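Peer 1: this one's structure only:
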């Protein structure tokens, strides 16, 4: 596991998690509602500026985490080039990158425990219906933490392939990555069972 919170301290670290998540929700809705290319270009530059302001280390770490989007960006642009709709493709690409970049900013400047506290408050009314809130929080935390871990392992597999072959890895690392994901899931399941499992965490 790795920590998603940036070690570089910024002003955003001191803002309440609920405020940042609420702002992210509003920003995402606005991005989805507007289809103007110039608007999305301006938003993208503004988001890029937010990454640059805290310094070089924060910028490099944040941008590196966004590299996982390149297959989706390439796919969208290639498809819209094929159907002669590059303007629409550019809007979709900028919208996607800006939204994910903003979400990444929130995770980099917010402790996971603070985000889970917000989730707990939002879902607490459902506890009366029998929803296991603690299990839900654990599952959400695992998803948030494991996605970058799998991305990092995918990069390591790609590097290992390139060290042994001149061909690009492409689909060839899909199966090894799936095996790694299953192995990690098995280890996490064992750790949860050792602590009573998800069904008993509500009693703690």
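Peer 2: On my side now, so go ahead. Every value quoted in this text rests on a predicted model; they were computed, and no experiment measured them.
Peer 1: taking the mean pLDDT, what do you get for the helix ranked longest in the chain?
Peer 2: Secondary structure of the chain per DSSP state H: the longest helix is helix 133-164. Mean per-residue pLDDT for helix 133-164: 80.
Peer 1: And the pLDDT at the nearest residue to residue 142 once chain neighbours are set aside?
Peer 2: Closest residue in space to residue 142, ignoring its immediate chain neighbours: residue 188 at 6.5 Å, by CB to CB, 6 or more residues apart in numbering. In short, each C-beta sits where N, CA and C put it, glycine included. At residue 188, the predicted lDDT confidence score is 83.
Peer 1: so residue 188 is in which element?
Peer 2: Take DSSP states H and E as the rule and residue 188 turns out to sit in helix 174-194.
Peer 1: So for that helix, what gets flagged as buried?
Peer 2: Neighbour counts over helix 174-194 (16 or more other CB atoms under 10 Å) mark 177, 180, 184, 192 as buried.
Peer 1: List of residues touching stretch 171-187?
Peer 2: In this structure, residues lying in contact with stretch 171-187 by CB atoms under 8 Å, 6 or more residues apart in numbering are 146, 149-150, 153-154, 157-158, 161.
Peer 1: Could I have the buried ones of those as PyMOL selection syntax?
Peer 2: To isolate the buried members of these in PyMOL, using 16+ other CB under 10 Å:
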select buried, resi 146+153+154+157+158+161
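Peer 1: Would you reformat the contacts of stretch 171-187 as JSON lines and include distance to residue 100?
Peer 2: Output for the contacts of stretch 171-187, formatted as JSON lines (distance: CB to CB, whole Å):
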{"residue": "146", "distance to residue 100": "17"}
{"residue": "149", "distance to residue 100": "17"}
{"residue": "150", "distance to residue 100": "16"}
{"residue": "153", "distance to residue 100": "20"}
{"residue": "154", "distance to residue 100": "17"}
{"residue": "157", "distance to residue 100": "22"}
{"residue": "158", "distance to residue 100": "21"}
{"residue": "161", "distance to residue 100": "26"}
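Peer 1: Identify the farthest-apart pair in the contacts of stretch 171-187.
Peer 2: 146 and 161 (22.1 Å; CB to CB).
Peer 1: How is this structure partitioned into domains?
Peer 2: 11-110, 119-203 (automatic domain parsing).
Peer 1: residue contacts, residue 40?
Peer 2: Here residue 40 is in contact with 31, 34, 90-91, 94-95, 98 (criterion: CB under 8 Å, 6+ apart).
Peer 1: Write a PyMOL command that selects only the buried members of the residues you listed.
Peer 2: Remark: buried members of the contacts of residue 40, expressed as a PyMOL selection using 16+ other CB under 10 Å:
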select buried, resi 31+90+91+94+95+98
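Peer 1: still on that earlier bit, compare the domains of the chain and say which comes out lowest on pLDDT.
Peer 2: domain 119-203 - the lowest mean pLDDT of those, at a mean of 78.
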